[in-house]
Structures are given as structure tokens and as C-alpha cells.
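**Student:** return atomic coordinates for the entry below.
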Amino acid sequence: MARLKLFIPLLLFIALVGFLYQGIYDKDDSLTSALLNKPFPAFSLPTVQSAETNVGKQALLGEVALVNVWATWCPSCQVEHPYLLKLAQQGVKIIGVNYKDDRAAAQQWLTKLKNPYVFSVFDEKGRLGLDLGVYGAPETYLIDREGVIRYKHVGVVDEQVWLTKIKPKYDALKMNTAGTVQQDAG
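**Tutor:** Numbers count the residues shown, from 1 in each chain. Model prediction:
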């Protein structure tokens with residue numbers, strides 16, 4: 001019986017490792033957004049480039065677009081940035097939401113790494129992010145011509161994510177035949 005007691009800490013450790021592994025590596029694609037299939041929240045924010053230039057929801061209307069939540073403090077944002085540049089060069093309209101960041105750092109980032117955004121609003125206090133239900137950066141929203149959120153991706157947008165998850169929905173919206181709307185957790 002005494003020897004059995006020696007194995008209890010080991011069994012507890014194994015159970016804990018299994019629990020943590022499941023929490024880290026099991027992808028739960030069921031994160032829900034209350035805004036899916038609803039209009040993008042109203043906002044009026046300055047751009048990253050100019051504190052005097054305010055942009056509102058009207059600037060999102062008219063074209064299918066991606067709205068990308070990013071920040072200079074976000075290492076994953078730096079990973080996805082080159083792919084966003086590639087998408088922008090291919091004609092994909094991308095609007096940025098610079099989330100809880102420093103304006104000077106954001107301006108330097110866009111100058112140094114190049115700017116994939118048609119414009120990027122400066123959400124210094126994170127109010128637009130709060131209205132969107134942002135978990136953290138990066139997050140990308142696909143919106144239709146009327147400014148309705150049709151898809152949300154949490155995490156880095158790379159070639160695989162674009163081709164398998166976002167592009168089919170983007171193309172369907174461009175053709176005005178929106179398909180099944182979903183959300184993804186990365």
C-alpha cells in the first residue's frame with residue numbers, strides 16, 4: 001500500500017499534463033460572435049497617419065473587405081503582415097484597426113514594413129475592439145458591401161487560412177452570392 005502512495009503524485013502530474021495539452025492543442029472552432037451577420041459597429045476614429053482625420057463606418061461600405069485588428073505589440077501581427085501586403089497587392093481591400101497601441105510606433109511600423117491598409121483607424125482605448133468583441137490581435141473580419149460582418153478569423157491570416165477559410169467566402173461575397181457564414185478560432 002505504501003508503494004501505491006508513491007505513484008499518486010505521478011498519476012496526478014500525468015492527468016494535469018493531459019488536461020493542459022488538451023487546452024492548448026485542441027482547436028475549438030466554435031467561438032461565437034454576437035456580431036456575425038450583423039452590421040459592423042458604428043465608429044468615428046482618427047487614422048493612424050493623422051489625428052485630425054476621422055473615419056467612420058461609411059468608409060467601409062461599397063466593397064467587400066477585410067477588417068484586420070493589429071498592433072505593434074503583437075508578435076503574431078508581424079508574422080501575418082507580409083501576407084496582408086500580398087493580399088493588398090492582389091487587390092483585396094483591407095482596413096486596419098490599430099488596437100490599443102502607440103500612434104508613433106504604429107506609424108513607424110507602417111513606414112518600415114509597408115502599409116497593406118486602405119486606411120487604418122487608431123483605436124487607442126480599444127473601444128471599437130470592445131464593440132467588435134475582440135479577443136486580441138490579430139483578428140480579421142470579412143465584411144460585405146453593406147458593412148455586414150460575414151466571417152471572423154481569430155489568429156494569423158496566412159496562405160493556408162486565406163485559401164481554405166477566407167477566400168471562398170470572399171469570392172462568394174464578391175459575386176454577391178454569400179455562402180454559409182462561419183467563424184474560426186485560428
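
**Student:** going forward, measure contacts between C-alpha atoms and count neighbours the same way
**Tutor:** Fine.

**Student:** got the phi/psi numbers for the spatially most central residue of the chain?
**Tutor:** The centroid of the chain falls nearest to residue 139 when counting by Cα atoms, centre = their mean (0.9 Å). Main-chain torsions, residue 139, degrees, to the nearest 10: phi -140, psi 140.

**Student:** let me know the pLDDT of it.
**Tutor:** On pLDDT, residue 139 comes in at 97.

**Student:** ok, now the one 4 residues further on?
**Tutor:** What the model reports as pLDDT for residue 143 is 97.

**Student:** one more: residue 29?
**Tutor:** The model's pLDDT for residue 29 equals 41.

**Student:** sorry, back to before: not counting sequence-adjacent ones, nearest residue to the residue nearest to the centre of the chain?
**Tutor:** Among residues not flanking residue 139 along the chain, residue 154 sits closest, at 4.6 Å (Cα to Cα, 6 or more residues apart in numbering).

**Student:** what is the burial count for that neighbour?
**Tutor:** Other residues within reach of residue 154 by the criterion other Cα atoms under 10 Å amount to 20.

**Student:** surely it touches residue 161?
**Tutor:** No. Contact status for residue 154 versus residue 161: not in contact, 10.6 Å apart, counting by Cα atoms under 8 Å.

**Student:** SS state for residue 106?
**Tutor:** State at residue 106, reduced to three classes by DSSP: H, G, I helix; E, B strand; the rest coil: helix.
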